[in-house]
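Participant: Sequence below, structure please.
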Amino acid sequence: QLQLVESGGGLVQPGGSLRLSCTASEFTFGNYVVGWFRQAPGKEREGVSCISSSSRGTNYAGSVKGRFTISRDKAKNTVYLQMNSLKPEDTAVYYCAARNYYSVYVDPRICRDMDYWGKGTLVTVSS
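Facilitator: Reported below is the predicted structural model:
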């Protein structure tokens, strides 16, 4: 059973940056599609970004495109979400999720149908 642990959340001022990490319990994590999702208070969970198992494909929600970057370090079994130019509306609990699925490029249908989830890390953007 794959286990995912998120870290890196916290309080940051508008315009600041944070880097979230998602570390997996299995060395085969490199074979998984991995996504970042978030849920703000009173709102539904939404997809933020996704990376293919090959790491050659990525996609982003329109609201974060150009500000967030997803990446993978296979040697560390970790996927990162670099978040820059943070806005108050980015405040949410951020979750990492994964699915064992080989792909060169991102398939949005796979990114919306993940099998494993972390417990989340809180990001608060406030002055």
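
Participant: excluding its backbone neighbours, what's nearest the residue nearest the centre of the chain?
Facilitator: Residue closest to the average C-alpha location in the chain (C-alpha atoms, centre = their mean): residue 36, at 2.3 Å. In space, and not counting its chain neighbours, residue 36 is closest to residue 48: 4.4 Å by C-beta to C-beta, 6 or more residues apart in numbering. In short, each C-beta sits where N, CA and C put it, glycine included.

Participant: And the lowest mean pLDDT element among the helices and strands of this protein?
Facilitator: helix 108-111 (a mean of 92; mean pLDDT, DSSP states H and E).

Participant: And it, what's buried?
Facilitator: Within helix 108-111, the residues that count as buried by 16 or more other C-beta atoms under 10 Å are 110, 111.

Participant: Run through the neighbouring helices and strands of that helix.
Facilitator: Identification of packing neighbours for helix 108-111 by 3 or more C-beta pairs under 8 Å, 6 or more residues apart in numbering; DSSP states H and E yields strand 32-39, strand 46-51.

Participant: Identify, out of those strands, the most deeply packed stretch.
Facilitator: strand 32-39 (a mean of 24; mean count of other C-beta atoms under 10 Å).

Participant: Excluding its own residues, what touches it? List them.
Facilitator: When contacts are defined by C-beta atoms under 8 Å, 6 or more residues apart in numbering, strand 32-39 is touched by residues 2, 20, 22, 24, 45-53, 70, 72, 79, 81, 90, 92-101, 103, 106-107, 110-111, 114, 120, 123.

Participant: let's go with 6 Å and repeat that
Facilitator: Applying C-beta atoms under 6 Å, 6 or more residues apart in numbering, the external contacts of strand 32-39 come out as 45, 47-53, 79, 81, 92-95, 97-101, 110-111.
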